[in-house]
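Trainee: Whatever this is, show me its structure:
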Amino acid sequence: MLGLGSACSSDKGDTTETGGGFPDELAMGCGITSPCDDIVLRCGSDRWSEGCIEPYSTETQCVLERLAAGERFPLRYDVNGFNGEVEWYDLVFDGEGGALRQNWLEDPGSSDAAPEGPVERCVLKPLDFFANCLTVAADDPAHAQCMLWSAWFESCEAAAEPMCPTP
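Mentor: Numbering: from 1, shown residues only. Got it, this is the predicted structure:
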């Protein structure tokens, strides 16, 4: 689970300017190259809309495959402003059953992005949860749960001194 390592630099390139410090490192993926493009959830946010059934996007499929394999990687998960704001989560999965995540919220009337809440250290559901996600039909309620980032974790708590995962 998320070992504490030295602060990380990034090779991901330019992303959202966020104001500095560790949340910026997390937003840059802690220097880990992402195998998947950002997820943009177009149907639901952290709660599923019952009338909405969509197949996994290529990006969601990629992420679920990596989670099922227990890989280490970063991810930006965009909840697509369902409440009128721009909102996303930056996550770094450690490959050992844990992740760091940070929620970002941008007020539509502002050009400043700001973290919403603390960086959290999370425990992922077991690998077989993600493997099962790859086999369910699009109209199965389990399919919908697999698309929601909030369903991927057993627990999360504020990280007092967050650090990028060690290699």
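Trainee: okay, CA-based contacts and neighbour counts for the rest of this
Mentor: OK.
Trainee: So which bits of stretch 88-105 are buried?
Mentor: 88-95, 97-105 (16 or more other CA atoms under 10 Å).
Trainee: out of those residues, which are inside helices?
Mentor: In this view, the buried residues of stretch 88-105 have no member that belongs to helices under DSSP state H.
Trainee: Among those residues, which ones are in strands?
Mentor: By the criterion of DSSP state E, membership of these in strands covers 88-94, 98-105.
Trainee: Those residues: which two are farthest apart?
Mentor: 94 and 105 (24.0 Å; CA to CA).
Trainee: Residue 60 belongs to a helix?
Mentor: Yes: according to DSSP: H, G, I helix; E, B strand; the rest coil, residue 60 belongs to a helix.
Trainee: Which secondary structure element of the protein has the lowest mean pLDDT?
Mentor: Least confident helix or strand of the chain, by mean pLDDT, DSSP states H and E, is strand 113-115 with a mean of 62.
Trainee: Would you mind listing the residues in contact with residue 59?
Mentor: Residues in contact with residue 59, defined by CA atoms under 8 Å, 6 or more residues apart in numbering, are 36-39.
Trainee: Check residue 143 too.
Mentor: Neighbouring residues of residue 143 by CA under 8 Å, 6+ apart: 133, 136-137.
Trainee: Buried among the residues you listed? Need that as a selection in ChimeraX.
Mentor: Here is the ChimeraX command that selects only those of the contacts of residue 143 that count as buried (16+ other CA under 10 Å):
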select :133
